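Have a look at this prediction, sequence included:
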Amino acid sequence: MKVAVIAPLGMSPPVITAFVHHIRDVRDLVVITTADDRVKQGFELVKVAMKVKYPKTRVHEVEVPFEDITTEEQNFEFMRIAGRTIKRQKEKFGSDVVYLNVAGGRKNMCITLSILGQFLNVDGVFHVVSPNVKIVNEMLENLRHDIERLYLAESDEERLRIYEEKARYFNALMFPEDYQVVRIPTVPVPGDYMQRILDVIYNDRLDTLTYSERELLLRHGLIEKFGNRYRVSDFGKRFAEVLVG
């Protein structure tokens, strides 16, 4: 069975590798990164740690073209990229199981990814909790110089050598013994129903909605009401474009 993990990366690389360590048999690890330098450094650390501990797992990077995601439009772009990544993992790369690890990245990224997982029927959404966040942060800072060296290294061989120099400390950071994996309660939306709703919004076919569907879409800002008439809102159009594309 081909298992894939998709995870956004923020300032704490250990939440990525700790989850893989928990699942164990992961074929593909897809890390969604931003353009922030610290995030890029963290990704290099994840790659090297995985190569040392789980050499059979393929590690891929998917880049979001921002240093941070702080606006509605940036969040929609993140949603588009994440949705495409989930679909590709299933359809192109043949993953039988797709898990989302939402422990890294901005809160809006994690919330958006959790909701997206329900729309696209992933097999589970998870969070990683460390009871000793202060200690983890201290370990990260103590290794900051070496993490920067990893990032600036000119070859994989040099990165492995740098990691091995501090293997005891890097392994303790990236594969901790004391952490909890929490499954986020999710209810998958049937694919045919989701496709119908997207078709209604994308093609402005609001007359085919039931009363309850129309009221729900209105409350969530996907459609607007003008007198006795309804139309798709700009927010709704962007939402549909992201998921249809």
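Arrived safely, thanks for sending.

from the chain's centre, how far out does the helix or strand bottoming out on mean pLDDT in the chain sit?
Taking mean pLDDT, DSSP states H and E as the measure, helix 133-142 is the helix or strand of the chain with the lowest mean score, a mean of 91. From the chain centre to the centre of helix 133-142 is a distance of 23 Å (C-alpha atoms, centre = their mean, to the nearest Å).

what's it packed up against?
helix 167-174 (3 or more C-beta pairs under 8 Å, 6 or more residues apart in numbering; DSSP states H and E). In this view, the C-beta of every residue, glycine as well, is placed from N, C-alpha and C.

and the angle from the least confident helix or strand of the chain to helix 167-174?
Helix 133-142 and helix 167-174 are oriented at 140 degrees to each other (axes from the mean of the first three to the mean of the last three C-alpha atoms, to 10 degrees).

Contacts for the helix or strand that helix 133-142 is followed by, please.
Once helix 133-142 ends, the next helix or strand along the chain (criterion: DSSP states H and E) is helix 144-152. Taking contacts as C-beta atoms under 8 Å, 6 or more residues apart in numbering, the residues outside helix 144-152 that touch it are 40-42, 44-45, 48, 140, 159, 162-163, 165-166, 170.

now those residues: which count as buried?
Gln41, Gly42, Glu44, Leu45, Val48, Leu140, Arg159, Ile162, Tyr163, Lys166, Phe170 (16 or more other C-beta atoms under 10 Å).

Could you pull up the contacting residues of the last one?
Think Phe170. Leu45, Ala49, Leu143, Asp146, Tyr163.

ditto for the first one
If you count contacts by C-beta under 8 Å, 6+ apart, Gln41 has them with Ile147, Glu148, Leu150, Tyr151.

So it versus Ile162, what's the distance?
12 Å (C-beta to C-beta, to the nearest Å).
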